[in-house]
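Participant: the sequence and its predicted three-dimensional model are supplied below.
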Amino acid sequence: MSADATAPVLPTHTPALFDAAVVRAAERLRAGELVALPTETVYGLAANALDAAAVARIYEVKGRPAHNPIIVHVSDLEMARRCVSQWPAAAAQLAKAFWPGPLTLVLARATVIPDIVTADGSTVGVRWPSHPFMQAVIRACGFPLAAPSANLSNQISPTNAEHVRRQLGGRIGLIVDGGQAQVGIESTVVDVSGAGARVLRPGMIHAESLAAALGATLLLPSSKEAHDLESAEASRLRSPGQLPRHYAPTARLVVCSWTDAEDLERQIAAYRAPADRTHVIAHTHIPSGTRLGGVSVIPHDAEAYARAIYAVLHRCDEEGAELIVAEALPDGAEWRAIADRLARASA
């Protein structure tokens, strides 16, 4: 597309529009083109996962590091098993419990998956999404789709079609509007390619729920492993979402706690940002906001917070924020994935 062109955005809110959008999206994907598609987690930038040249275009459009692998999306268990060379009992148990849904399983790859999808690694992440439009497109194509988030690399993931249009509208040929993403952050990623099961990226399916389905304890990344990933830039990543800085707004993001408005004001002053360019995201201690550029309140509920947080960060950037101050999250398994995203966004 030319620099001043904008990708058409196809609606899907009636059965006729839905069906027409499936046909157009599948036609472009079969032709080796990229299409931005809705999923229940975030919007994805999709290409034929079996077409190395099409997947290379994803890396080019996003500015994605070559060592960051891409998750493959499927429409059923049969397609998932064609993407991998082994299907261990742990994969079968987790797929039965949580698919279709926001869970990615990392498994030994099949030879049909191109090297570029896995960043030359021996494993591939596979997910069966629950969004009806994504499912319909994959079925229409008859092949799996490689689909990282539909945004520029390391920036905030999009949770609606307008977020995609603002970042990628001049770089791709088609965006499908499937409504607001209902999960709001990226999938949980679990490595079941070896002995045991290990969470590589937390998500809204929590480790405790995964362990209950498996009847076994899951391993979580240790602080040493996290440090090793950050210090070894050439490390071969087994999953996206492991880079130290990711999901980041343009504005500087800090996470802190405060007791009252005076305490918050004192902490903001230390960052030397103009008050009218400072936006606060709160869930419990809510400032009046009279001197601030903006105050966003997200419910003190993990699922509601996950659905809202990326949209709020997008809005802060759109409104010209220089500093975003997010109230520290509660402890608890249900908040672990959101805390991970905020930590990477503020790195």
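Facilitator: Alright, I've got the coordinates. Residues are numbered from 1 along each chain as shown.

Participant: so where is the stretch 151-300 of the chain shaky, pLDDT-wise?
Facilitator: 221-246, 289-290 (pLDDT under 70).

Participant: run the last query once more with 80
Facilitator: Scanning the stretch 151-300 of the chain for pLDDT under 80 picks out 217, 219-247, 289-290.

Participant: isn't Arg139 right up against Val74?
Facilitator: No - at 9.9 Å, Arg139 does not count as touching Val74 under the criterion of C-beta atoms under 8 Å. Just so you know, the C-beta spots here come from the backbone N, C-alpha and C atoms, and that holds for glycine as well.

Participant: give me phi/psi at the residue nearest to Phe98 when sequence neighbours are not counted?
Facilitator: Excluding its sequence neighbours, the residue lying closest to Phe98 (C-beta to C-beta, 6 or more residues apart in numbering) is Ile205, at 5.7 Å. With angles defined as degrees, to the nearest 10, Ile205 sits at phi -90, psi 110.

Participant: burial check on Ile205, number of neighbours?
Facilitator: Counted by other C-beta atoms under 10 Å, the residues lying close to Ile205 total 22.

Participant: just to check, it is in contact with Thr104?
Facilitator: No - using C-beta under 8 Å, Ile205 is not in contact with Thr104; the gap is 9.9 Å.

Participant: could you measure from Val255 over to Ala304?
Facilitator: Remark: distance between Val255 and Ala304 (C-beta to C-beta, to the nearest Å) = 18 Å.

Participant: between those two, point out the one with more neighbours.
Facilitator: Val255 (16 against 13).

Participant: pretty sure that one is touching Arg344, no?
Facilitator: No - between Val255 and Arg344 there is no contact under C-beta under 8 Å: 11.1 Å.

Participant: which neighbours do those two have in common?
Facilitator: By C-beta atoms under 8 Å, 6 or more residues apart in numbering, Val255 and Arg344 have no common neighbours.

Participant: right, and Arg109 touches Thr118 too?
Facilitator: Yes - judged on C-beta under 8 Å, Arg109 makes contact with Thr118 at a distance of 5.6 Å.

Participant: and for these two, which residues touch both?
Facilitator: With C-beta under 8 Å, 6+ apart as the test, Arg109 and Thr118 both reach Val124.

Participant: more neighbours, those two?
Facilitator: Using other C-beta under 10 Å, the more surrounded residue of Arg109 and Thr118 is Arg109, with 24 against 21.

Participant: against the centre of this protein, work out the most remote residue.
Facilitator: Most distant residue from the mean C-alpha position of the chain: Glu262, 35.4 Å away (C-alpha atoms, centre = their mean).

Participant: elements contacting the helix or strand containing that one?
Facilitator: Taking DSSP states H and E as the definition, Glu262 sits inside helix 261-269. Here helix 261-269 touches strand 323-327, going by 3 or more C-beta pairs under 8 Å, 6 or more residues apart in numbering; DSSP states H and E.
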